[in-house]
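# From the sequence below, what's the structure:
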Amino acid sequence: MVVHRDLKPENLLLDSNFNVKIADFGFSNIMRDGHFLKTSCGSPNYAAPEIVSGKLYAGPEVDAWSCGVILYALLCGTLPFEDESFHNLYKKIKAGCYTLPRHLSAGARDLISRIIVVDPMKRLTIPEIRQHPWFQAHLPIYLAVPRPDTTQQAKKVDEEILQEVVRMGFEKNQLVESLRNRVQNEGTVAYYLLLDNRFGVPSGYLGAEFQETMETTSFNAPNPIEAAAPCVGHSLPGYTDNQAMDLRSPERKWALGLQLEGQPFQIMIEVLKALQAINVRWKNIGHYNMKCRWLPSFIPGLNNNHYFGDDESAVIENSGVTKSPNVVKFQLQLYKTEEEKYVVDVQRLEGPQFLFLDVCAAFLQHLRAL
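Sure thing, here's the model as predicted:
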């Protein structure tokens with residue numbers, strides 16, 4: 001999945017069929033499972049608080065914030081956060097303090113106030129935005145009908161699209177092999193783009209309904225702002241639509257990883273003791289985030305503090321040990337949950353799968369024994 005990180009009206013284009021096209025992926029990045037992004041980028045007026053604060057973020061939540069700012073701009077004719085001073089602008093964004101014009105409908109006010117939320121965990125996601133009553137009201141059929149699942153379509157290679165990609169200069173057998181093994185390269189990216197484009201605005205009654213909507217809709221400018229509402233919080237008491245109050249998915253009672261209680265630094269001390277007990281070396285790569293390596297045996301001449309830096313890592317690489325099939329590399333991250341608990345997550349980077357599971361089992365056994 002790709003996160004854009006610079007959504008704004010200037011990057012939203014319309015093609016000849018009035019399909020919205022997102023442009024300028026210069027700040028975009030690929031989301032990887034178990035990893036966070038930390039680059040502060042994009043246009044300040046549309047940037048989420050976690051971006052301007054330099055905090056770690058997953059990705060989709062910052063694009064959802066930008067969508068909320070765009071919606072505000074389209075309905076109000078101005079931006080929710082504006083200031084000539086970047087310092088004051090960032091202060092407003094971090095506080096999430098903005099005003100809503102009184103000419104906005106109750107539904108629009110409720111939706112905006114649920115998207116432009118400082119806490120990314122409480123911010124609406126795109127699927128939740130689509131379920132909001134204001135979004136659902138008078139929704140054209142071409143938007144109401146869910147798009148075909150291209151992931152299901154991708155399980156079977158489309159011969160017509162395959163031939164079109166081959167005509168671009170890609171070798172057919174290699175392309176088919178990459179598609180079957182889900183390898184990401186220029187050929188497979190071209191294939192999936194063409195496949196996704198096939199399920200754009202459909203023809204027939206959906207396409208006709210789309211044309212009718214475009215022809216009959218009048219784009220009137222909003223009324224001038226007569227008065228401003230007070231600084232917006234996380235909810236609007238005046239909007240009591242029952243459907244809008246239950247948009248968020250029910251909280252899951254399960255979690256991946258090992259849940260622990262206590263202070264983060266105390267948990268990490270116990271984690272490091274457990275890693276040391278099973279002969280794992282580590283190095284810090286972020287806040288409560290470490291890259292770890294389990295070796296079949298220690299290399300003579302290295303220190304015994306189980307921490308490896310760049311120099312020692314080079315020694316290990318040059319020694320040829322990492323070329324052994326029995327070396328396991330993994331990443332360890334400590335997360336905080338909403339229940340004020342902490343989760344230790346371990347992600348395999350390299351090495352045999354079953355050997356990695358054995359290392360995890362030994363790690364958990366020593367961690368619980370401490």
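# switch to C-alpha atoms for all contacts and neighbour counts from now on
Fine.
# looking only at pLDDT, what's the mean for stretch 72-81?
Taken as a whole, stretch 72-81 carries a mean pLDDT of 95.
# How about stretch 337-346?
Stretch 337-346 comes out at a mean pLDDT of 82.
# With just CA atoms, put that stretch into PDB.
Backbone C-alpha positions of stretch 337-346 (Å, rounded to 0.1, in the frame of the first residue of the first chain) are rendered in PDB as follows:
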ATOM      1  CA  THR A 337      -1.900   0.100  23.600                       C
ATOM      2  CA  GLU A 338      -5.000   2.100  24.400                       C
ATOM      3  CA  GLU A 339      -5.300   0.200  27.700                       C
ATOM      4  CA  GLU A 340      -2.000   1.600  28.800                       C
ATOM      5  CA  LYS A 341      -0.300  -1.700  28.300                       C
ATOM      6  CA  TYR A 342       2.700  -2.500  26.100                       C
ATOM      7  CA  VAL A 343       3.100  -5.100  23.400                       C
ATOM      8  CA  VAL A 344       6.400  -6.600  22.300                       C
ATOM      9  CA  ASP A 345       6.200  -7.300  18.600                       C
ATOM     10  CA  VAL A 346       8.900  -9.400  16.800                       C
END
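# quick one: pLDDT of Pro44?
pLDDT at Pro44 comes out at 90.
# Any figure for the gap between it and Leu12?
From Pro44 over to Leu12 the distance is 17 Å, taken as CA to CA, to the nearest Å.
# okay, these two: which has more neighbours?
Set Pro44 next to Leu12 and count neighbours by other CA atoms under 10 Å: Pro44 wins out with 18 against 13.
# residues contacting that one?
Val52, Tyr90 (CA atoms under 8 Å, 6 or more residues apart in numbering).
# What backbone torsions are found at it?
Note on Pro44: backbone dihedrals following degrees, to the nearest 10 are phi -50, psi -40.
# Tell me how far it lies from Ile93.
Taken as CA to CA, the span from Pro44 to Ile93 is 9 Å.
# Same question for Thr125.
From Thr125 to Ile93 the distance is 19 Å (CA to CA).
# of the two, who's got more company?
Between Thr125 and Ile93, counted using other CA under 10 Å, the more crowded position is Ile93 (25 against 20).
# out of everything not next to it in sequence, what's closest to that one?
Here the nearest residue to Ile93 in space, its sequence neighbours aside, is Pro49; by CA to CA, 6 or more residues apart in numbering that works out to 5.7 Å.
# That neighbour: neighbouring residues, count only.
Look at Pro49: counted by other CA under 10 Å, it has 24 neighbours.
# Could you check the pLDDT of it?
On the pLDDT scale, Pro49 is placed at 94.
# Report the contact partners of it.
Tyr90, Ile93, Lys94, Gly96, Val118.
# Specify which member of the residues you listed is nearest to Val343.
Using CA to CA, Val118 comes nearest to Val343 of the contacts of Pro49, at 23.0 Å.
# wait, the closest one sits on Lys94?
Yes: applying CA atoms under 8 Å as the test, Val118 and Lys94 come out as touching, 6.7 Å apart.
# any idea how far Ala58 is from Thr295?
For residue 295 the amino acid is Leu, not Thr. Note on Leu295: its distance to Ala58, by CA to CA, is 31 Å.
# Between those two, which has more neighbouring residues?
Shown here are Leu295 and Ala58; by other CA under 10 Å, Leu295 has more neighbours (19 against 16).
# Name the nearest residue to that one, sequence neighbours excluded.
Leaving out its chain neighbours, the residue that sits closest to Leu295 by CA to CA, 6+ apart is Val327, at 5.3 Å.
# and if you look at Val118?
Using CA to CA, 6+ apart and skipping residues adjacent in sequence, the residue nearest Val118 is Gly96, 5.7 Å away.
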